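Asker: I would like the atomic coordinates for the input below:
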Amino acid sequence: MAMNELRKEVEAAAMAELNRANAKFPLFNSKHEGYAVILEEAEEAQEAMENVKTSLAVLWDRVKGIEVACFLDEDTTPTAIFHQAIDAACEMVQTAAMLLKYEMSPVSYTHLRAHETS
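Answerer: Numbers count the residues shown, from 1 in each chain. Just a heads-up that it's a prediction; the model follows:
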């Protein structure tokens with residue numbers, strides 16, 4: 001049940017992000033432009049998730065009693081990793097919003113109509 005509520009909240013966040021993006025930028029002019037924007041957001045999300053995974057590996061080393069370089073201390077606390085995870089979630093929300101923007105763009109419908117007439 002809690003996952004359903006969270007999903008609705010994430011969907012609402014994606015819709016809000018879509019509205020912000022649409023207020024600032026026009027719909028995509030081509031399938032290539034839409035794909036490029038979606039890919040950029042997905043790559044940023046993947047990079048953010050890699051930051052979380054790397055920081056978790058350092059945290060796990062600490063749990064196992066392995067000495068960790070002191071310059072990693074500030075970026076690998078549970079609170080710091082929490083913020084990294086939120087950043088990753090935000091990037092995924094942006095990816096979801098851009099997928100909806102692609103669907104809204106006239107170029108998306110041209111592609112669908114071509115398949116319907118084939």
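Asker: next SSE after the longest helix along the chain?
Answerer: If you go by DSSP state H, the chain has its longest helix at helix 31-63. Next along the chain after helix 31-63, taking DSSP states H and E as the criterion, comes helix 78-104.
Asker: Give the rounded mean pLDDT of that following helix.
Answerer: Averaging pLDDT along helix 78-104 yields 97.
Asker: residues touching residue 27, list them.
Answerer: For residue 27, the contacting residues are 101, 104, 105, 106, by Cβ atoms under 8 Å, 6 or more residues apart in numbering. For glycine as for every other residue, the C-beta is placed from the backbone atoms N, C-alpha and C.
Asker: Just give me the neighbour total for the first one.
Answerer: For residue 101, the count of nearby residues is 21 (other Cβ atoms under 10 Å).
Asker: What of the third one?
Answerer: Other residues lying near residue 105 total 18 when counted by other Cβ under 10 Å.
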